[in-house]
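>>> for reference, the sequence and a predicted model appear below.
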Amino acid sequence: MNAQPSNDSDTPRGCPFGHDTELTRLYGPEAATDPRGIYERLRKEHGSVAPVLLEGDIPAWLVLGYRDSRRVLDNPLHFPRDARIWRDWREGRIPDNSPLVPMLAWRPDCVSQDGEAHRRLRGAVSDGLQSAADRGVRRHATHFANKQIDAFADSGRADLVADYADYLPMLVIARILGLAEAEGRRLVESCAQVMKGGEDAVAHDGVIREIFGELAERRRSEPGSDLATGLLEHHAALDHDEVVAHLRAVLIAAHVTTNLLARVLELVLTDASRLSGLISGQLNISAVVEEAMWNSPPLAVLPGRFAASDVELGGHRIEEGDLLVLGLAPGNLDPEIRPDPGVSVEGNQAHLAFGAGPHECPGQNIGMSIIEIAVDVLLHRLPGLRLAVPPEELTSTASTWMSLLDSLPVEFEV
């Protein structure tokens, strides 16, 4: 596992695409500023599945087509999540400090497993999340929404990314997991670095696991009304490592929700009719969330699946052990299912934003509740809320996995 990728040629060792293929990188300057342009170029050149390089020039197949993504997500027998069958992993080409490790490596959670092992672990997580929802997610969301707003309410200005969206879902989920507020705030940066990639990703992943390891130990002797205790006491009999891995997985999902909240607020504040409709009650926030889910899914690329055997997908021969990453953003804009992206998607929940199949996000209802409360509290607390810059000045920066809104400057009456 400590071997470094070979530099013997321009194409990485073990690359399944042929030594003469010039591969597109899903990281670097172009990917950070124009991911949608890359997706569309790849679609024109390769069709619904395209060969790409991930950080460290590790080869993967990017699934761009909606139907092909559903085929992969719905068929864990042919496309399992277990990274132990990943050829580059087995053959030692993924170094221990690779930023891909936190996102793709096997760990003892339901995300990494299929079949009966998956059902056992996912059942424990689903039961724990349902209990958490029953105990007051909306109350926690209201509390932290008001607390975040209190910090800038008297200034008449704020950045709703850095001052609000980056923290609110994370603080709510940290409370549900069993962490103190200070620990939740500390984890905001670590989660961001894990999703961003780069040389610090593995170290920040270690911070997350350390905090949850300590939490699991505390809850063994001091049970509480939280997800950590629920996992420890569940009849599925999770061991220490399984509990820690699932607390981590839920926290990462909360970080993804921060991006969804930012995108929803962007939609609200760049369209006066949406804003007035929400304030007057004529528009339901769920319609805005659906639009964001289709056009700017919070996770642009979902890691990852692995070919259990040689298979044809999108006109390409996928070899056993190949890595596939699912393009949720390009899949949602696939011209085969959305020939006119301008047509309203209201009422259509067939987007890929929550994934699909056995691994579909189990906490999506909690995420939706947090966003609903976050928008409602914000609009009622800040009269005259408006964007402080022209909409065309808003920018985003992407990593392999997410495209994040850089800032959302607003003004309001004091």
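Here it is on my side, so go on. Worth saying up front: this structure is predicted, and the values here are computed from it rather than measured.
>>> contacts for stretch 177-185, please.
Residues outside stretch 177-185 that contact it (Cβ atoms under 8 Å, 6 or more residues apart in numbering) are 167, 170-171, 173-175, 187, 211-212, 215, 219, 224, 226-229, 247, 250-251. Bear in mind the C-beta positions are built from the backbone N, C-alpha and C, glycine included.
>>> PyMOL command to pick out the buried ones of the residues you listed?
Here is the PyMOL command that picks out the buried ones among the contacts of stretch 177-185, judged by 16 or more other Cβ atoms under 10 Å:
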select buried, resi 167+170+171+173+174+175+187+211+212+215+219+226+227+228+229+247+250+251
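>>> in helices, which of the contacts of stretch 177-185 appear?
Judged by DSSP state H, the contacts of stretch 177-185 include 170-171, 173-175, 187, 211-212, 215, 219, 227-229, 247, 250-251 as members of helices.
>>> go through those residues and name the one nearest residue 73.
Nearest to residue 73 among the ones in helices among the contacts of stretch 177-185 is residue 250, at 19.9 Å by Cβ to Cβ.
>>> who's in contact with that closest one?
Residue 250 neighbours (Cβ under 8 Å, 6+ apart): 125, 129, 173, 176, 177, 227, 363.
>>> any quick ChimeraX command for the buried ones out of those residues?
The buried subset of the contacts of residue 250, as determined by 16+ other Cβ under 10 Å, is captured in ChimeraX by this line:
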select :125,129,173,176,177,227,363
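>>> now do the helices in the stretch 301-414 of the chain.
For the stretch 301-414 of the chain, the helices defined by DSSP state H, counting those that start in this stretch occupy 328-332, 364-381.
>>> just name the most buried of those.
helix 328-332 (a mean of 26; mean count of other Cβ atoms under 10 Å).
>>> now what about that helix, what contacts it?
Looking at what lies outside helix 328-332 - Cβ under 8 Å, 6+ apart - the contacts are 35-36, 39-40, 43, 62-66, 69, 293-297, 299-302, 338, 351-353, 355, 403.
>>> element containing residue 263, please.
helix 240-269 (DSSP states H and E).
>>> now do the buried residues in that helix.
For helix 240-269, by 16+ other Cβ under 10 Å, it's 242-269.
>>> what distance separates the start and the end of stretch 263-279?
Length of stretch 263-279, first residue to last, Cα to Cα, to the nearest Å: 18 Å.
>>> chain center to that stretch: distance?
From the chain centre to the centre of stretch 263-279 is a distance of 23 Å (Cα atoms, centre = their mean, to the nearest Å).
>>> now swap in stretch 86-102 and tell me
Distance, centroid of stretch 86-102 to centroid of chain: 21 Å (Cα atoms, centre = their mean).
>>> low-confidence stretches in the protein?
Low-confidence segments of the chain (pLDDT under 70): 1-21.
>>> that's all I had, so thanks and see you.
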